[in-house]
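Peer 1: need a structure here:
(one chain, ligands or ions: 2)
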Amino acid sequence: MRIKLPEAVRWIIGELQGHGYEAYAVGGCVRDSILCKEPKDWDITTSARPEQVKEIFERTIDTGIRHGTVTVLQNHVGYEVTTYRIDGEYEDARHPKEVVYTTDVRRDLMRRDFTINAMAYNERSGLVDEFGGVSDLKRGVIRCVGNASERFAEDALRMFRAVRFAAQLDFEIENETAEAICCLAENLRKISAERIQMELTKLLMSPHPQKLRLLYELGLSAVVLPEFDVMMETRQNNPHHCDTVGGHTIRALMEVPADKILRYTMLLHDVAKPQCCSVDEAGICHFYGHPEEGEKIAKRILRRLKLDNATTDAVCRLVRYHDSNPVLTAGGVRRAVYRIGQDCFPALFDVKRADILAQSDYKRLEKLEALDCYRRLYGEIMDRKECLSLKELAVSGSDFIAAGIKPGPEIGRALHALLEIVIEEPEKNTKEYLMRYTLENLFI
Ligand code: ATP
Ligand code: MG
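Peer 2: Numbering: from 1, shown residues only. Ligands and ions are numbered 1, 2, ... in the order given. As a prediction, the model looks like this:
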């Protein structure tokens, strides 16, 4: 097996070897290279101690020196160089109590989570694959290195990582590994929200977000996203649907591009359906108010998972408006853009399209045609460069101040009032009209 190492990686490995140490590319980059995928980053593992690594290279950063990691800078790109280590005994399913260095690469590989992530490569020794990583890559399985229950008891996040890698690679989780997750899922409670969110984000952004179902089947979502379990268990007896809320959610996820805001929006767009469900005399389910209620629940979940504010804010607005359909006129569309906010408005088309495609085919053509018309009207508004937000208004706060109005919150209120006028009647967006209107009506 030959892997083409980038020049900088060959050079770093060569320098370490030249000083009498062993060094290999390791982990994700080896896995991805064997799969003929471009690795995102290249990690290096070495028998040299961190101090020794720092002596060899001119430009280094102490990234995780306590865990043996030094970043070596080469042409402004950082390469993590980590000393071979054995993770000592684990405390509380999270942290190794101590880090012990070793001089044996095989022992370093043994501490890694899955066989496919536990391979090392350099040009001198070729591939080091002690645990059947290549064979698992060929068969498409995620399998723990060593005893799965022990490995998950050491670090509970690995259970979530198993599902994340299954989604990124479209792999199956091997039986013993899956059974161990079912037994130990509860331990995930000990892992910080930040670390879980990072894995969940990677899972959602992966090419196979449908593996989200595994989180449910293995009992992991029950611990970190119980709202999803309820969705999986909520049926929708309604002509628009042919699946549970959770099943529909998974299909909708698959229909949007791999964008963080879009994937989180689809995950949560129907999150309130279970609690908004009512059944009429004919036995048909209705979900009145679920978008508004969904916005509140989405906000709670995204806060809990420590998502950044920009994502949280955009996702919440999209959840809130995912199901609203404006009157299909230019004015109706301008009002919709104004309500949702121009920044995240275009994403709404992706959301609505995915929602439709994940429903039953009842009235599908009509729904898609209405969406096309909606999109066309929006395109025309953009072509005409009509004002949809404060920054496109023909006047700004400084115009009022120049006209002698005292700075203060009234100016902000006035600008919003003007925007509402212009949304209704775009031709009024001239400085002359808006100044006159303001001075005559808003500051008296
Ligand atoms: P990605 O492409 O997402 O970066 P990766 O395999 O590089 O995938 P990282 O989380 O960057 O994943 O971890 C790098 C390597 O460190 C892994 O390939 C694995 O060998 C090891 N590793 C990471 N996290 C753990 C963990 N929790 N337990 C054991 N080994 C781990
Ligand atoms: Mg990595």
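
Peer 1: Need the pLDDT of the closest residue to G132 other than its chain neighbours.
Peer 2: Among residues not flanking G132 along the chain, T115 sits closest, at 5.4 Å (C-beta to C-beta, 6 or more residues apart in numbering). From N, CA and C alone the C-beta is placed, and that goes for glycine too. In the prediction, the pLDDT value recorded for T115 is 98.

Peer 1: Ok, the one 4 residues further on next?
Peer 2: What the model reports for M119 is a pLDDT of 98.

Peer 1: give me phi/psi at it?
Peer 2: Note on M119: backbone dihedrals following degrees, to the nearest 10 are phi -120, psi 150.

Peer 1: The host helix or strand of E295 packs against which elements?
Peer 2: When secondary structure is defined using DSSP states H and E, the element that contains E295 is helix 290-304. Using 3 or more C-beta pairs under 8 Å, 6 or more residues apart in numbering; DSSP states H and E as the contact criterion, the neighbours of helix 290-304 among helices and strands are helix 260-268, helix 273-276, helix 309-321.

Peer 1: which stretches of the stretch 101-250 of the chain form strands?
Peer 2: Counting by DSSP state E, counting those that start in this stretch, the stretch 101-250 of the chain has these strands, from start to end: 120-122, 126-128, 141-142, 172-173.

Peer 1: how about CSV for these, with distance to ligand 1 and mean neighbour count added?
Peer 2: Converted to CSV, the strands of the stretch 101-250 of the chain look like this (distance: least, C-beta to the nearest ligand atom, whole Å; neighbours: other C-beta atoms under 10 Å):
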stretch, distance to ligand 1, mean neighbour count
strand 120-122, 10, 25
strand 126-128, 13, 16
strand 141-142, 11, 22
strand 172-173, 15, 20
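
Peer 1: Output the ones you listed in CSV; the columns should cover distance to L357.
Peer 2: Putting the strands of the stretch 101-250 of the chain into CSV (distance: least, C-beta to C-beta, whole Å) gives the following:
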stretch, distance to L357
strand 120-122, 42
strand 126-128, 43
strand 141-142, 29
strand 172-173, 26
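
Peer 1: can you tell which of the ones you listed is closest to M198?
Peer 2: strand 141-142 (17.8 Å; C-beta to C-beta).

Peer 1: from the middle of its chain, how far away would the helix holding E295 be?
Peer 2: Here helix 290-304 shows a centroid-to-chain-centroid distance of 17 Å under the convention C-alpha atoms, centre = their mean, to the nearest Å.

Peer 1: I'd like the average pLDDT over that helix.
Peer 2: Rounded to a whole number, the mean pLDDT of helix 290-304 is 98.

Peer 1: looking at the strands of the stretch 101-250 of the chain, which is closest to V230?
Peer 2: Nearest to V230, of those and by C-beta to C-beta, is strand 172-173 at 23.6 Å.

Peer 1: Any chance you could list what contacts that closest one?
Peer 2: Contact with strand 172-173 is made by 140-142, 162-163, 166, 181, 214, 218, as judged by C-beta atoms under 8 Å, 6 or more residues apart in numbering.

Peer 1: Look up how far R375 lies from G133.
Peer 2: 47 Å (C-beta to C-beta, to the nearest Å).

Peer 1: can you tell me which residues contact the closest residue to ligand 1 within the chain?
Peer 2: The minimum distance from the chain to ligand 1, using C-beta to the nearest ligand atom, falls at G28 (2.4 Å). Neighbouring residues of G28 by C-beta under 8 Å, 6+ apart: 39-41, 43, 117.

Peer 1: Show me the protein divided up by domain.
Peer 2: Structurally, the chain divides into domains by automatic domain parsing as follows: 7-133, 140-224, 236-384, 390-442.

Peer 1: TSV for those, including distance to V230?
Peer 2: Supplementary listing: the domains of the chain in TSV, determined by distance: least, C-beta to C-beta, whole Å:
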stretch	distance to V230
domain 7-133	26
domain 140-224	10
domain 236-384	5
domain 390-442	38
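
Peer 1: Deepest-packed of those domains, please.
Peer 2: Across those, averaging neighbours per residue (mean count of other C-beta atoms under 10 Å) puts domain 140-224 on top, at a mean of 20.

Peer 1: ok so, going back, give me the subset of the contacts of G28 that also touch ligand 1.
Peer 2: Intersecting the contacts of G28 with the contacts of ligand 1 gives 40, 43, 117 (criterion: C-beta under 6 Å from any ligand atom).

Peer 1: Distance check, the second one against V245.
Peer 2: To tie it back to what came earlier, the one meant is D43. 40 Å.

Peer 1: Check the first one too.
Peer 2: The spacing between K40 and V245, counted by C-beta to C-beta, is 34 Å.

Peer 1: need the residues of the stretch 151-300 of the chain near ligand 1, please.
Peer 2: 155, 157-158.

Peer 1: Distance to A403 and pLDDT added to these, as JSON lines?
Peer 2: Listed next are these as JSON lines, based on distance: C-beta to C-beta, whole Å; pLDDT from 0 to 100:
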{"residue": "D155", "distance to A403": "64", "pLDDT": "96"}
{"residue": "L157", "distance to A403": "59", "pLDDT": "98"}
{"residue": "R158", "distance to A403": "64", "pLDDT": "98"}
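
Peer 1: In helices, which of these appear?
Peer 2: Using DSSP state H to define helices, the subset of those located there is 157-158.

Peer 1: between the residues of the stretch 151-300 of the chain next to ligand 1, which is closest to I301?
Peer 2: Within those, distances to I301 taken as C-beta to C-beta reach their minimum at L157, with 19.1 Å.

Peer 1: List the residues that contact that closest one.
Peer 2: When contacts are counted by C-beta under 8 Å, 6+ apart, L157 touches 94, 188, 191, 195-196, 199.

Peer 1: Spatially nearest residue to S206 (excluding sequence neighbours)?
Peer 2: Take S206 and drop its neighbours on the chain: the residue closest to it by C-beta to C-beta, 6+ apart is A167, 4.0 Å away.

Peer 1: is it true that the one you found touches L203?
Peer 2: Yes: here A167 lies in contact with L203, judged by C-beta atoms under 8 Å, at a distance of 4.7 Å.

Peer 1: Quick check: neighbours shared by those two?
Peer 2: In the contact map built from C-beta under 8 Å, 6+ apart, the residues linked to both A167 and L203 are 209, 211-212.

Peer 1: Kindly reformat these as CSV containing distance to N237 and pLDDT.
Peer 2: Shown next, in CSV, are these (distance: C-beta to C-beta, whole Å; pLDDT from 0 to 100):
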residue, distance to N237, pLDDT
P209, 26, 98
K211, 27, 98
L212, 23, 98
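
Peer 1: Please narrow the residues you listed to those residing in helices.
Peer 2: L212.

Peer 1: For V70, grab phi and psi.
Peer 2: Backbone phi and psi, for V70 under degrees, to the nearest 10, turn out to be phi -120, psi 140.

Peer 1: interface residues of the stretch 1-150 of the chain facing ligand 1?
Peer 2: Within the stretch 1-150 of the chain, the residues that sit near ligand 1 (C-beta under 6 Å from any ligand atom) are 27-28, 40, 43, 112-113, 117-118.
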